[in-house]
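S.K.: Predicted model and sequence follow; I will ask about them next.
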Amino acid sequence: MGHFISLKYFSPAEIKELVALAGEIKKRPSGFSKSLKDKSIGLLFEKPSLRTKTAFYLGALQLGGQPLYYSSEEVKLGKREEIKDVARTFSCYLDAVVIRTFSQKVLAEFAQFSSKPVINGLSDFLHPSQVLADILTIQEVKGDITKLKVVYSGDTNNVCNSLIYIFAKLGGDLRIAVPRKYMPARSLVKEADEFCKKSCASIKIYNSLDKAVKGADVIYTDVWTSMGKEKERASRKKDFKKFQINDKILKLAKSNCIVMHCLPAHRGEEITDSVIEGKNAKVFSQAENRLYAAKAILLSMVAQKPKKGGKK
Ligand code: CP
Ligand code: NVA
């Protein structure tokens, strides 16, 4: 499977396998407790993290591996040392590295020079390990994702982009409700359209949440201001105010619809306190499933043979 930096490089069958493996690990964790014996997993995080760091760190440990955490301050990727030198040095010691960074280009460059798998722990553009866990959560609660109406409301950020890729690959009905000013990148939409032709997925963009959410089985949202965009928070609060998930919006969806959020949440912005604390919310099931998805990714990536790509 190579690196795990974008789901666009994975076939529908490979994505389904990863989700199924996550489900299997969840049911039978002890069966995998030695799967990463003698393997070392680096975690290099240039942004804060609660769930992703815990899921991959603990995931590696519970699989019998050795996690090592590096803060951005100590590595200073691309500043103290060139990305390609860090990648090749890590490849000498580690069996895989999970990276949380800003630009997707950093991940691509790192992967180009790493002979060991590089796993995207979130970039500005994508958050693939999150949506893998989300598909598991939706399946567990609602069943076949291709038979559901799934609505994402808010910013076309890393989580939204990854949802677009995963639904485009797996099929289903995904509706993105977003202000006109924040439409998804054209290149992403074009790529997704190609995947949709094969999967028969329907991905539609709406500029009205009221319209998008009618009859929804799943409502998903994420912060309007992602990490790194803090200076835009005031303007974003104005731009997105009609895209908040609140009790009024919830009434337009199916009564048994589930509400999802990758967390952390900005309560009172993209979601109200009453909705996130309400009976429809599944946010902590999502958080829990991050662990099993992380383990499935580690297992699939690290259990493979070394790749040719890494330059020494
Ligand atoms: N959902 C998620 O990735 O959370 P963290 O930023 O806390 O890792
Ligand atoms: N879109 C959010 C996701 C956090 C998990 C961010 O990038 O800050």
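M.R.: Arrived safely. Numbers count the residues shown, from 1 in each chain. Ligands and ions are numbered 1, 2, ... in the order given.

S.K.: And the strands in the stretch 51-200 of the chain?
M.R.: Under the criterion DSSP state E, counting those that start in this stretch, the stretch 51-200 of the chain contains strands at 66-71, 96-100, 118-120, 149-153, 173-177.

S.K.: Export those strands to CSV and append columns for mean neighbour count, distance to ligand 2 and mean pLDDT.
M.R.: Every residue, glycine included, has its C-beta placed from N, CA and C. Listed next are these as CSV, based on neighbours: other CB atoms under 10 Å; distance: least, CB to the nearest ligand atom, whole Å; pLDDT from 0 to 100:
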stretch, mean neighbour count, distance to ligand 2, mean pLDDT
strand 66-71, 16, 18, 98
strand 96-100, 27, 9, 98
strand 118-120, 28, 12, 98
strand 149-153, 25, 12, 98
strand 173-177, 24, 14, 98
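
S.K.: Can you classify the closest residue in space to Met260 that isn't next to it in sequence by secondary structure?
M.R.: Sequence neighbours aside, Tyr220 is the residue nearest to Met260 in space, at 4.3 Å (criterion: CB to CB, 6 or more residues apart in numbering). Taking DSSP: H, G, I helix; E, B strand; the rest coil as the rule, one finds Tyr220 in the strand state.

S.K.: Wait, Tyr220 touches Ser162, no?
M.R.: No: Tyr220 is beyond contact range of Ser162, at 11.1 Å (criterion: CB atoms under 8 Å).

S.K.: would you list the strands of the stretch 51-200 of the chain in CSV and tack on distance to Ile25?
M.R.: Formatted as CSV, those follow (distance: least, CB to CB, whole Å):
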stretch, distance to Ile25
strand 66-71, 16
strand 96-100, 16
strand 118-120, 16
strand 149-153, 24
strand 173-177, 26
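
S.K.: Out of these, which is closest to Glu270?
M.R.: strand 149-153 (7.5 Å; CB to CB).

S.K.: Report all helices and strands that the closest one contacts.
M.R.: Counting contacts by 3 or more CB pairs under 8 Å, 6 or more residues apart in numbering; DSSP states H and E, strand 149-153 is packed against helix 158-170, strand 173-177, helix 209-213, strand 218-221.

S.K.: winner for burial among these?
M.R.: strand 218-221 (a mean of 28; mean count of other CB atoms under 10 Å).

S.K.: any idea how far the residue in the stretch 51-200 of the chain positioned nearest to ligand 2 lies from Ala192?
M.R.: Residue of the stretch 51-200 of the chain nearest ligand 2, by CB to the nearest ligand atom: Asn157 (4.2 Å). Distance of Asn157 to Ala192, given as CB to CB, to the nearest Å: 15 Å.

S.K.: The protein against ligand 1: which residues are in contact?
M.R.: 49-52, 122, 130, 262-264 (CB under 6 Å from any ligand atom).

S.K.: neighbours around the closest residue to Leu299 other than its chain neighbours, how many?
M.R.: Nearest residue to Leu299 in three dimensions, chain neighbours excluded: Ser35, at 5.5 Å (CB to CB, 6+ apart). Neighbour count for Ser35, taken as other CB atoms under 10 Å: 17.

S.K.: pretty sure Ser35 is touching Ala303, no?
M.R.: Yes: Ser35 is in contact with Ala303 according to CB under 8 Å; the separation is 7.1 Å.

S.K.: show me the contacts for Gly31.
M.R.: By CB atoms under 8 Å, 6 or more residues apart in numbering, the residues touching Gly31 are Ile25.

S.K.: Check the secondary structure at it for me.
M.R.: Strictly by three-state DSSP, Gly31 counts as helix.

S.K.: I'd like the distance from it to Gln62, if you could.
M.R.: Where Gln62 is concerned, Gly31 sits at a distance of 11 Å (CB to CB).

S.K.: With Ile271 instead?
M.R.: Ile271 is 31 Å from Gln62, by CB to CB.
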